[in-house]
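>>> Output the structure for:
(2 chains)
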Amino acid sequence: MATLFFSYFSGVIVLASILVVALRNPVHSALALLIMFFHVAGLYITLHAEFLAAVQIIVYAGAILVLYLFVVMLLNVKRDEHYHAQYPLGAVLGVTILTEALLLIVQHSFSKETATADLGATDGKQVLEGNTETIGEALYSTYLFSFEVASLILLVAMIGAIILAKRDLFEARN
Amino acid sequence: MVPLSYYVILSAIVFTTGLVGVLIRRNIIIILLSIELMLNATNINFVAFSRYLGNVSGQVFVFFTLTVAAAEVAVGLAIIIALYRSKSSINVDEFQLLKW
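Purely as a prediction, here's the structure:
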């Protein structure tokens, strides 16, 4: 059952991510990315990360992608008919890295009978009981400083976005 | 239970797709979308390892990655709007002031 869900979600994720890169129209690419986000959220649910699945849908699909669609429609971009001139380089690099990664993984999973035997020692005890509470406890105790830094990043991004996108922020005074 | 290496393979495929997208597309918006693909590939890895190791730190890291992705999108789209205002185009070939 778990394998069935995994193969469905991973198949759609791979297909949608290829469509994001391949489709000519930016709006279609953004919608393919939306499908990919929803299926990544489904994959998180099968991994017992329910809080992250909800956050994935709310933040990625609800906020980030809407921002993308707003900009695509604001700029009124045309379909681009050709890929970049360096696409042979991209293809070579992509195929090389993919083959390397797959070779490493296949070698590893065939050299040991059970690839996860050395990893599955704790059997996910901590993650299973009360996902949101566990994340909250870790976030506000162990990672408190990182949490504050993240809020600073968001503040800087907000100020930077306003300054970059506003037209006559400094000229208007003169 | 699905083996951990399957998640790593899925993550590698999605990451490589994003990398190829950054290299072969000329539309800046699609390039940013491809960066989102790469960030999501790392997130899948983090959550899978967090599940298999029974440690919640991986999910906290995904939370921070989400924050950085949101900041990156806000600033990136603002830069795209500023670029479009100066050149009336979002084709990366038009912007070569810093190339040698």
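
>>> all contacts plus neighbour counts: C-alpha atoms, from now on.
Will do.

>>> Please, which helix or strand holds the closest residue to A:Leu43 other than its chain neighbours?
Nearest residue to A:Leu43, sequence neighbours excluded (C-alpha to C-alpha, 6 or more residues apart in numbering or on different chains): A:Phe9, at 6.3 Å. Counting by DSSP states H and E, the element that carries A:Phe9 is helix A:2-22.

>>> Poorly predicted segments of chain B, please.
Residue ranges of chain B with pLDDT under 70: B:100.

>>> okay, now whatever residue of chain B ends up closest to chain A: neighbour count?
Closest to chain A within chain B is B:Gly54: 3.6 Å, counting by C-alpha to the nearest C-alpha. Residues near B:Gly54, counting by other C-alpha atoms under 10 Å in any protein chain shown, number 20.

>>> do A:Ser141 as well
10.

>>> Could you do A:His108 as well?
A:His108: 14 neighbours (other C-alpha under 10 Å).

>>> now do A:Ile135
Neighbour tally, A:Ile135, other C-alpha under 10 Å: 21.

>>> Pull out the buried residues from the strand or helix carrying it.
Element membership of A:Ile135 [criterion: DSSP H and E] is helix A:131-141. Residues of helix A:131-141 classed as buried: A:Asn131, A:Thr134, A:Ile135, A:Leu139 (neighbour count, 16 or more other C-alpha atoms under 10 Å in any protein chain shown).

>>> ditto for stretch A:5-23
For stretch A:5-23, by 16+ other C-alpha under 10 Å, it's A:6, A:9-10, A:12-14, A:16-23.

>>> wait, what's in contact with A:Met158?
Neighbouring residues of A:Met158 by C-alpha atoms under 8 Å, 6 or more residues apart in numbering or on different chains: B:Ala71, B:Ala74, B:Val75.

>>> Among those residues, which lie within strands?
Nothing among those maps onto strands, per DSSP state E.

>>> Quick check: which of these are also close to chain A?
B:Ala71, B:Ala74, B:Val75 (C-alpha under 8 Å from any C-alpha of the partner chain).

>>> Could you tell me which of the residues you listed belong to helices?
Counted as lying in helices by DSSP state H, out of the ones next to chain A among the contacts of A:Met158, are B:Ala71, B:Ala74, B:Val75.

>>> The first one: neighbouring residues, count only.
As a burial measure, B:Ala71 scores 21 neighbours (other C-alpha under 10 Å).

>>> what about chain A, any weak spots by pLDDT?
Ranges of chain A meeting pLDDT under 70: A:79-81, A:109-130, A:169-174.

>>> quick check: longest helix of it.
For chain A, the helix with the greatest residue count under DSSP H is helix A:87-111.

>>> How many neighbouring residues does A:Leu93 have?
Count around A:Leu93 with other C-alpha under 10 Å applied: 16.

>>> what's the closest non-adjacent residue to it?
Using C-alpha to C-alpha, 6+ apart, the nearest residue to A:Leu93 is B:Val20, at 7.6 Å.

>>> my read is that neighbour is in a helix, agree?
Yes. Counting by DSSP: H, G, I helix; E, B strand; the rest coil, B:Val20 is found in a helix.

>>> and the helix holding A:Phe9, what other elements does it pack with?
Secondary-structure packing of helix A:2-22 (3 or more C-alpha pairs under 8 Å, 6 or more residues apart in numbering or on different chains; DSSP states H and E): helix A:26-46, helix B:4-24, helix B:28-53.

>>> How is chain A partitioned into domains?
A:1-100, A:126-168 (automatic domain parsing).

>>> okay, these, which one's buried deepest?
The highest mean neighbour count among the domains of chain A, using mean count of other C-alpha atoms under 10 Å in any protein chain shown, belongs to domain A:1-100: a mean of 18.

>>> nearest to A:Met1, of the helices and strands packed on helix A:2-22?
When the helices and strands packed on helix A:2-22 are compared by C-alpha to C-alpha, helix A:26-46 sits nearest A:Met1, at 10.5 Å.

>>> close to chain B, is the helix or strand following the closest one?
From helix A:26-46 onward toward the C-terminus, using DSSP H and E, the following helix or strand is helix A:50-55. Yes. Shown here: helix A:50-55 in contact with chain B (C-alpha under 8 Å from any C-alpha) through A:Leu52.

>>> Much appreciated, bye for now.
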